[in-house]
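Asks: Predicted model and sequence follow; I will ask about them next.
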Amino acid sequence: MSARGTVGAADLLRLGVFGLRTRPGRVVLSALGIAIGIAAMTAVVGISSSSKAKVDQVLDTLGTNVLTVTEAQGFGETPPLPATALESVQRQDDVESAAAVGTVPDTGVYRNGFVPAPETKGIGVLAAWGDVPEVLGGQLASGRWIDDAPGAAPQVVLGAGAATALGIDRVRADSRVWSGGQWVQVVGVLRPLALAEDLDNSVFVPRALAAQLGFDGAPTAVYTRVDPARVEQARDVLAGAVRPGAPQDVGVTRPSDALAAKNATDDSFTGLLVGIGGVALLVGGIGVANTMVITVLERRAEVGVRRALGARRRNIRDQFLVESLLLSFLGGVVGVVIGVGVTVAYTLAQGWPVAIPLWAVGGGLGATVVIGGVSGLYPAARAARIPPTSALAAV
Amino acid sequence: MSGAVLSLDDVVKTYGDVGALRGVALEVAAGELVAVVGPSGSGKSTMLNIIGTLDRPTSGTVTIAGNDVATMSDDALSRLRADHIGFVFQHFHLQAGATAAENVADGVLYAGVPRRERHRRAVEALRRVGLGHRVDHRPHELSGGEKQRVAIARAIIGEPTILLADEPTGALDTASGAAVLALLRELNEAGTTVLVITHDLELAASLPRRIRMRDGLVSQDDRAGTR
């Protein structure tokens, strides 16, 4: 049995639900503001976490132990990598595998011999050493990787972007492209390479064919997979190994860092969107306060009657506070449902894993409780100050 | 049963410069059935607020069921109302969306009675006012007379020492009004002290004691038979 003069939690809840139930239109409208704010925040956090989860998944499969060796990126002239760069890298203890590509200058690939030479569609031709897609964690969409054996027929593997540009989505017996005045058989098509997106718009040829096309024999980039536990150490020695006299002319980068960094730049955008959701929430809270003030004005007679029935001031205050909390919480629940729905729909459409952090849902609902409480304070205090004589004054 | 359950001594209530009550003295004993009559502006509504402890007098002493109102806190007055005073309003003041039983049960909500017990007593109170068959009806499904009887059930569920009825028949047709008045008599006969505030002289004349208000003062206090 509850103590005299107090109204139990269950009864307060019942009063609150009753107060809302009898004014459904108003409840929907004022809860909507809260719902939009919470939905926006939940969806933004959900989508950004799902995108992060996708990147993590990609990094998990690709590994973070791939290093890229190129000529140093910087101001001024740096010499190209020496022709022995790949061998130098392969000699290192921490290197597990390595492959390289070298740009074949002034050469394009075309659908046929009638396409004017300048219309390369931006597709570059690369000579390849070793299994480039395997080192980069890439996959073939169709066909196989190039056969580099001496005497092998001229052949080409297309990067994902190049394949699209050339209109060849998979390998057929008659898939071929025109390059350097001859037909070259297409033997493979790659999927996008997440760790080396710059290669997607290239085609790969054996060095023998590259030499015919005017390739000078020096790689422009060496890709290497190193011992996962010794990535930093490997990174430190690679430049010196490639060019012992002038390591400063060699750049070693870790492409998984770039992926993670790209994701990090998304964070500031996410922050902005969450901020906008927060503003919506604030406006929603003001809407709830407004609704409650009006409700209190309209219910002076009810308050008077309750005071006449023996309600204390605090009983009246609690009643309206609970009503405000419920109103806001209701909006929060609807908002979370909408936000989760939007996140699921969007991430599924993107083919990402759905990852909605529990703290976002819990925090959102917690925020609505705080907002409901703060919004209800003033109206509830006003209700508690309504004099008991209002029961008789009202008609 | 005897002794005063209600006494006013030299009670003055002013609103700014206006004296609504100008020194009222009044005693009501347990078990009485009293009509308070007077034209608009005579001070009878103000007196009802003060007897019901909804308002405090500017000066003078008000004693309800042995409690001196002047010394009591707002919370204590709330409790006094919950324990000792039942209100019946001219316009019923029922909760529109709630059933008759829920409305009546609210009469003891603030006395700390648990929900199940409230409902049981609400049904019992509704039976007492002849609405045992209307327990789950909502106000819009009830006639005016039935609504007022629900309101009376709400006022008596807490077994108050004093039942204050403000123009209880004012919004009702003659037949319903008569039924409500009969119910109030019945409750009075069962022991409840009843004060009926009205401007209906005919109604007042049918009650055993009549207090006539004029210009903030008691101008006449008749017992049965003197009129």
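Replies: Structure received.
Asks: In chain A, which helix is the longest?
Replies: helix A:255-298 (DSSP state H).
Asks: so does that one get close to chain B?
Replies: No. Applying C-beta under 8 Å from any C-beta of the partner chain, one finds helix A:255-298 separated from chain B by no less than 11.9 Å. Bear in mind the C-beta positions are built from the backbone N, C-alpha and C, glycine included.
Asks: orientation of the next helix or strand after that helix relative to helix A:255-298 in degrees?
Replies: Counting by DSSP states H and E, the next helix or strand C-terminal to helix A:255-298 is helix A:300-308. Using axes from the mean of the first three to the mean of the last three C-alpha atoms, to 10 degrees, the direction of helix A:300-308 lies 80 degrees away from that of helix A:255-298.
Asks: Other residues contacting helix A:300-308?
Replies: Residues outside helix A:300-308 that contact it (C-beta atoms under 8 Å, 6 or more residues apart in numbering or on different chains): A:296, A:315-316, A:319, A:383, A:386-394, B:52, B:54, B:78, B:81, B:85, B:87, B:89, B:93, B:95, B:106, B:110.
Asks: low-scoring stretches of chain B, by residue?
Replies: Applying pLDDT under 70 to chain B picks out residues B:1-2, B:225-227.
Asks: Going by residue numbers, what spans are strands in it?
Replies: Taking DSSP state E, the strands of chain B run over residues B:4-15, B:18-29, B:33-37, B:59-64, B:67-68, B:85-88, B:162-166, B:193-198, B:209-214, B:217-223.
Asks: Highest mean neighbour count across those strands, which stretch is it?
Replies: Highest mean neighbour count among the strands of chain B (mean count of other C-beta atoms under 10 Å in any protein chain shown): strand B:85-88, with a mean of 26.
Asks: and it, which strands flank it?
Replies: strand B:162-166 (parallel) (DSSP bridges).
Asks: Name the residues linked to residue A:156 by a beta bridge.
Replies: Following DSSP bridges, residue A:156 is listed with bridge partners residue A:186.
Asks: Next: residue B:194.
Replies: residue B:33, residue B:163.
Asks: mind listing what the closest residue to residue A:99 other than its chain neighbours touches?
Replies: Spatial nearest neighbour of residue A:99, excluding adjacent residues (C-beta to C-beta, 6 or more residues apart in numbering or on different chains): residue A:130 at 3.4 Å. Neighbouring residues of residue A:130 by C-beta under 8 Å, 6+ apart: A:86, A:97, A:98, A:99, A:100, A:148.
Asks: and the longest helix along chain B, what other elements does it pack with?
Replies: Of all segments of type helix in chain B, defined using DSSP H, the longest is helix B:174-189. Identification of packing neighbours for helix B:174-189 by 3 or more C-beta pairs under 8 Å, 6 or more residues apart in numbering or on different chains; DSSP states H and E yields strand B:33-37, helix B:144-156, strand B:162-166, strand B:193-198.
Asks: Let me know the angle separating the longest one from helix B:174-189.
Replies: Put simply, helix B:144-156 runs at 20 degrees to helix B:174-189, going by the same axes, to 10 degrees.
Asks: any chance of the contacts of residue A:130 in a markdown table, plus secondary structure and pLDDT?
Replies: Shown next, in a markdown table, are these (DSSP: H, G, I helix; E, B strand; the rest coil; pLDDT from 0 to 100):
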| residue | secondary structure | pLDDT |
| --- | --- | --- |
| A:86 | helix | 88 |
| A:97 | strand | 90 |
| A:98 | strand | 91 |
| A:99 | strand | 91 |
| A:100 | strand | 92 |
| A:148 | coil | 81 |
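Asks: For residue B:180, state which of the residues you listed is nearest.
Replies: residue A:97 (98.0 Å; C-beta to C-beta).
Asks: picking that back up, separation between the residue nearest to residue A:99 and residue A:139?
Replies: 16 Å (C-beta to C-beta, to the nearest Å).
Asks: Same check on residue B:107?
Replies: 76 Å.
Asks: and these two? which has more neighbours close in?
Replies: Each of residue B:107 and residue A:139 has its neighbours counted (other C-beta atoms under 10 Å in any protein chain shown); residue B:107 has more, 27 against 12.
Asks: contacting residues for the more buried one?
Replies: Under the criterion of C-beta under 8 Å, 6+ apart, the neighbours of residue B:107 are A:309, B:86, B:122, B:125, B:153, B:154, B:155, B:156, B:157, B:158.
Asks: Which one (most neighbours) among those?
Replies: Of these, with other C-beta under 10 Å as the count, residue B:153 tops at 30 neighbours.
Asks: And the pLDDT for residue A:211?
Replies: Here, the pLDDT recorded for residue A:211 equals 87.
Asks: Pretty sure it sits against residue A:205.
Replies: No. Counting by C-beta atoms under 8 Å, residue A:211 does not reach residue A:205; the two are 9.8 Å apart.
Asks: Now do the shared contacts for the two.
Replies: The contact sets of residue A:211 and residue A:205 overlap at residue A:127 (C-beta under 8 Å, 6+ apart).
Asks: more crowded one of these two?
Replies: More neighbours surround residue A:205 than the other of residue A:211 and residue A:205, with 28 against 14 (other C-beta under 10 Å).
Asks: what's that one sitting at in phi/psi?
Replies: The phi/psi pair for residue A:205 (degrees, to the nearest 10) reads phi -130, psi 160.
Asks: Please report the distance of it from residue A:99.
Replies: Counting by C-beta to C-beta, the gap from residue A:205 to residue A:99 is 14 Å.
Asks: Residue A:19 too?
Replies: Residue A:19 sits 71 Å away from residue A:99, going by C-beta to C-beta.
Asks: okay, residue A:217: pLDDT?
Replies: Residue A:217 is given a pLDDT of 84.
Asks: Tell me which residues touch it, please.
Replies: Neighbouring residues of residue A:217 by C-beta under 8 Å, 6+ apart: A:83, A:102, A:207, A:211.
Asks: Can you flag the buried ones in the residues you listed?
Replies: Applying 16 or more other C-beta atoms under 10 Å in any protein chain shown to the contacts of residue A:217, the neighbour count classes A:102, A:207 as buried.
Asks: Which ones among the contacts of residue A:217 map onto strands?
Replies: residue A:102.
Asks: Residue A:324 contacts residue A:288, doesn't it?
Replies: Yes. Under the criterion of C-beta under 8 Å, residue A:324 makes contact with residue A:288 at 6.1 Å.
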